[in-house]
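Novice: From the sequence below, what's the structure:
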Amino acid sequence: MDDYPLLNIFWTMLWLFLWVMWFFLLVKVVTDVFRDHGLSGWGKAGWLILVLLLPYLGVLVYLIARGKGMAERDAKHAMRYEEAVHQYIQKAAGNATSSADELSKLSALKDKGDLTQEEFDRAKVELLA
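Specialist: Numbering: from 1, shown residues only. Sure thing, here's the model as predicted:
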């Protein structure tokens, strides 16, 4: 432990943290390049070449040039995802409600005498299946 002082451990941890943060930004930039539908194929290729050939400079230039649009695209993607989840929940909950409504309608028809007990049981089994 005497060969590696505490300050060197601090600097190693700092450089490791910065490297992980840069790697995260690199993945985020590449994802954003492919997510942007307004960017042409040549534009995407150009940004990818810049980011891959000059990684640190490329990520920095991309964040400066397109950072605001990157945030807007992330917000739109999050909104679309949230709407899709909301629609799925409504659809799943709506099916349970409609089954209960149909069961109550069948019960009302049976109470009126429009359905026999056998017809009601058969329709109930089909509805719950």
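
Novice: Figure out the helix or strand that the spatially most central residue of the chain lives in.
Specialist: Centroid-nearest residue in the chain, with Cα atoms, centre = their mean: Y81, separated by 5.0 Å. Assigned by DSSP states H and E, Y81 belongs to helix 55-112.

Novice: now the angle from the helix or strand just after that helix to helix 55-112?
Specialist: Per DSSP H and E, the first helix or strand lying C-terminal to helix 55-112 is helix 117-128. Orientation note: helix 117-128 sits at an angle of 180 degrees relative to helix 55-112 (axes from the mean of the first three to the mean of the last three Cα atoms, to 10 degrees).

Novice: now helix 117-128, how far from the centre of its chain.
Specialist: Distance of helix 117-128 from the chain centroid (Cα atoms, centre = their mean, to the nearest Å) equals 41 Å.

Novice: and if you look at stretch 48-62?
Specialist: The answer for stretch 48-62 is 26 Å, by Cα atoms, centre = their mean.

Novice: May I see the buried residues of it?
Specialist: For stretch 48-62, a neighbour-count test (16 or more other Cβ atoms under 10 Å) marks 50-51, 58-59, 62 as buried. Yep, even glycine has a C-beta here, placed from its N, CA and C like the rest.

Novice: Now for those: which two are most distant?
Specialist: L50 and V59 (9.1 Å; Cβ to Cβ).

Novice: so where's the protein shaky on pLDDT?
Specialist: Low-confidence segments of the chain, defined by pLDDT under 70: 1-2, 94-98.

Novice: and the residue lying farthest from the centre of the chain, what does it touch?
Specialist: Distance from the C-alpha centroid of the chain, by Cα atoms, centre = their mean, peaks at G113 (51.1 Å). Neighbour list for G113: empty [criterion: Cβ atoms under 8 Å, 6 or more residues apart in numbering].
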